[in-house]
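Student: Build me a model:
(chains A and B)
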Amino acid sequence: MEPDRTSDRLRLSVIATPLAARQAVIDICSHVAKPGVAPARMEDIRIVLAEVLNNIVEHAYSPRAPGRIRVSVTATPEAVEVELSDFGTPLPTRNLSARTLPPPNPDDLPEGGFGWHLIRTLADQVAYERRAGCNHLSLRFDLPEHNASVSQ
Amino acid sequence: MSLSSTVAGDARIITVGTDRIDAAMAIQFKEDMRTQTADATGRVILDLSEVEFIDSSGLGAIVASMKQLGEGRKLDLAGLTPIVEKVFRLTRMDTIFDLFPTLDAALSADRR
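Tutor: Next up is the predicted model:
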């Protein structure tokens, strides 16, 4: 599974297991990390990538038959765009609808359901499409620091 | 999963010796926490200062670890690094746990 690097694009084909997902996050972040990307923004990207990949590993595919996840990452000075596709079960679209997370109830604490909240909060754009039996998820992270550095 | 346990007064300190708590290890973390806290009766402090990354599965495992301590008992968290702090804040779990910047700050806080 050699990464294909053409210009500033990184393409990966990731087997849908927790360990491969972990490695993919590391690979993507090292591709994206540049002096112009603020550390806090890198944190956001890392958190969201881990969540979207784990969601595919845990919910789209069966652990007994992990399929492939195709990932394409494009990094420009203005933004980082990530596209993920898989052949697993469709994403319930309610996960995409923005809603505020209610304050946790101390007497009945949730142990899950945080992932999509983190994704929607930290990514600037999230788009999902089910097309020809395939899930396509697109994420965009704006890099506003770019404008600040240009004006200096 | 690398957890180590020390006693300070009536507090049990559990130190996480890995740099991440993520989906690949969340179940093991929860089980190891159960082992480490099985005989603890007082305050339990989880030292996260070596953990530089956590995802929602890891967060869920920490919540589960507090719940398995038993009725009404709290788990205090110390030494949160930037990503860990961010995940707790964005999920509002910072309202459930007492967070301390360092282990020393956790130990010097009066809990009685």
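Student: where along chain B do the strands fall?
Tutor: With strands called from DSSP state E, chain B shows them at B:3-8, B:11-16, B:20-21, B:43-47, B:53-54, B:75-78, B:99-100.
Student: export the ones you listed to TSV and tack on distance to chain A?
Tutor: To be clear about C-beta, it is placed using only N, CA and C from the backbone, and glycine gets the same treatment. Shown next, in TSV, are the strands of chain B (distance: least, C-beta to the nearest C-beta, whole Å):
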stretch	distance to chain A
strand B:3-8	19
strand B:11-16	17
strand B:20-21	8
strand B:43-47	15
strand B:53-54	7
strand B:75-78	11
strand B:99-100	14
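Student: and the closest residue to residue A:79 other than its chain neighbours, how many neighbours does it have?
Tutor: Sequence neighbours aside, residue A:142 is the residue nearest to residue A:79 in space, at 5.2 Å (criterion: C-beta to C-beta, 6 or more residues apart in numbering or on different chains). Neighbourhood size, residue A:142 [other C-beta atoms under 10 Å in any protein chain shown]: 14.
Student: got the strands of chain B as JSON lines, with mean pLDDT, mean neighbour count and distance to residue A:62 columns?
Tutor: Shown next, in JSON lines, are the strands of chain B (pLDDT from 0 to 100; neighbours: other C-beta atoms under 10 Å in any protein chain shown; distance: least, C-beta to C-beta, whole Å):
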{"stretch": "strand B:3-8", "mean pLDDT": "94", "mean neighbour count": "13", "distance to residue A:62": "30"}
{"stretch": "strand B:11-16", "mean pLDDT": "96", "mean neighbour count": "20", "distance to residue A:62": "30"}
{"stretch": "strand B:20-21", "mean pLDDT": "96", "mean neighbour count": "22", "distance to residue A:62": "24"}
{"stretch": "strand B:43-47", "mean pLDDT": "96", "mean neighbour count": "23", "distance to residue A:62": "33"}
{"stretch": "strand B:53-54", "mean pLDDT": "98", "mean neighbour count": "24", "distance to residue A:62": "26"}
{"stretch": "strand B:75-78", "mean pLDDT": "96", "mean neighbour count": "22", "distance to residue A:62": "33"}
{"stretch": "strand B:99-100", "mean pLDDT": "96", "mean neighbour count": "20", "distance to residue A:62": "37"}
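Student: Distance to residue A:136 added to those strands, as a markdown table?
Tutor: Shown next, in a markdown table, are those (distance: least, C-beta to C-beta, whole Å):
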| stretch | distance to residue A:136 |
| --- | --- |
| strand B:3-8 | 40 |
| strand B:11-16 | 36 |
| strand B:20-21 | 28 |
| strand B:43-47 | 39 |
| strand B:53-54 | 27 |
| strand B:75-78 | 37 |
| strand B:99-100 | 38 |
